[in-house]
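A.B. asks: Quick one, fold the following:
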Amino acid sequence: MTAAPLPLRHLLLALAVVAVWGTNFVVIRVGLDHLPPLLFATLRFTLVLLPMAFFVKRPDVPWRNLAAYGVLIGAGQFGMLFLAMKGHISPGLASLVVQTQVFFTIGMAMKINGERVQPFQVVALLLAASGIVLIAAHGGGSATPLGVGLVLLAAAGWSGGNIVARQAGSVNMLGYVVWASLFSIPPLFMMSLWLEGWSAMVAGVRNADALTWAAVLWQAVGNTMFGYAAWGWLLARYPAATISPMALMIPVFGMGASALMLGEALPAWKLGAAALVLTGLAVNMLWPKIRGRFLVAKA
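C.D. replies: Numbering: from 1, shown residues only. Down below sits the predicted model:
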């Protein structure tokens, strides 16, 4: 694995992935115009599993690991996220708040491994938490307390999935996501049946137009198959410290796309909240690398 800077073509590939992941929040919002959120999430994972399971080998990990990841990412992350985005939070703010998964992941890892919180992590968490509080206080029509809470639950589900995926070791991430989807579908379908009802599910499918089905297909092909395959390919060739900071661009693309395509307003409080959250994420992600370079230079 090389530590050299990214060549232009690989930098453009990384930017393409984060652009897809960021603008995907607008795509989700389009799909929710006709489909109930939990049914939408069910269809998303169904199209990830089929037909890809016939072409992608199941990774050599225990079924219980795949099941845990599938439930946490399916029902936990995307189930809660889609529910929140059905009128409770704007796509731009959702793309921002869900990035708090970084801090949930750190907390879970510390609990499991018995690690101590570092001072820079406390600073990073306080900055990001200040941004979330600002969103909750000024959300208005852009974010309700329920919406913020649901996206935080989605972030917690995502972080739980991260921990489970780490326990799986070095695997083909595309194959891992495809086969884990087998366990995402049943809980999402049962939740949809329970909370949304059969009649709403049938009506959603009947009312779905070509744009709606394109949004569902994009969830599977663009967001999952291209995104995870390309990101995994990059992580296999470059240090995580080189690739991971690119994820800071996801909310930038998310908020920008929501403003351009959906007319989401970007008042000063929203930009301030974004600055606080992104600064917190940047401190957490980049401070160890910056400190290491400073110590080397000083020596």
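A.B. asks: For the stretch 101-250 of the chain, just list every one of the helices.
C.D. replies: Remark: helices assigned in the stretch 101-250 of the chain by DSSP state H, counting those that start in this stretch are 101-113, 119-138, 145-167, 173-195, 198-207, 210-218, 227-237, 240-243, 250-262.
A.B. asks: Of all those helices, which one comes closest to Gly70?
C.D. replies: Closest approach to Gly70 among the helices of the stretch 101-250 of the chain is made by helix 173-195 (3.0 Å; CB to CB). Yep, even glycine has a C-beta here, placed from its N, CA and C like the rest.
A.B. asks: Now do that closest one: which elements does it pack against?
C.D. replies: helix 37-49, helix 63-71, helix 227-237 (3 or more CB pairs under 8 Å, 6 or more residues apart in numbering; DSSP states H and E).
A.B. asks: what about it, distance to the chain center?
C.D. replies: 16 Å (CA atoms, centre = their mean, to the nearest Å).
A.B. asks: Show me the one of the helices and strands packed on helix 173-195 that comes nearest Glu196.
C.D. replies: Closest approach to Glu196 among the helices and strands packed on helix 173-195 (CB to CB): helix 37-49, 5.8 Å.
A.B. asks: quick one: the closest one to chain centroid distance?
C.D. replies: Worked out by CA atoms, centre = their mean, helix 37-49 lies 15 Å from the chain centre.
A.B. asks: surely Phe82 meets Leu32?
C.D. replies: Yes - assessed by CB atoms under 8 Å, Phe82 is found in contact with Leu32 at 6.8 Å.
A.B. asks: Tell me which of these two has more neighbours.
C.D. replies: Phe82 (27 against 20; other CB atoms under 10 Å).
A.B. asks: Now for the more buried one: which residues touch it?
C.D. replies: Counting by CB atoms under 8 Å, 6 or more residues apart in numbering, Phe82 touches Ile28, Leu32, Pro37, Leu38, Phe40, Ala41.
A.B. asks: Hmm, Leu83 and the second one touching each other?
C.D. replies: No - if you go by CB under 8 Å, Leu32 and Leu83 don't touch, sitting 9.6 Å apart.
A.B. asks: out of the contacts of Phe82, what pair is the most spread apart?
C.D. replies: Maximum distance among these (CB to CB): 12.8 Å, for Ile28 and Leu38.
A.B. asks: avg pLDDT for stretch 230-243?
C.D. replies: The predicted model assigns stretch 230-243 a mean pLDDT of 79.
A.B. asks: ok, Ser159 touching Gln101?
C.D. replies: Yes - between Ser159 and Gln101 there is a contact under CB under 8 Å: 4.5 Å.
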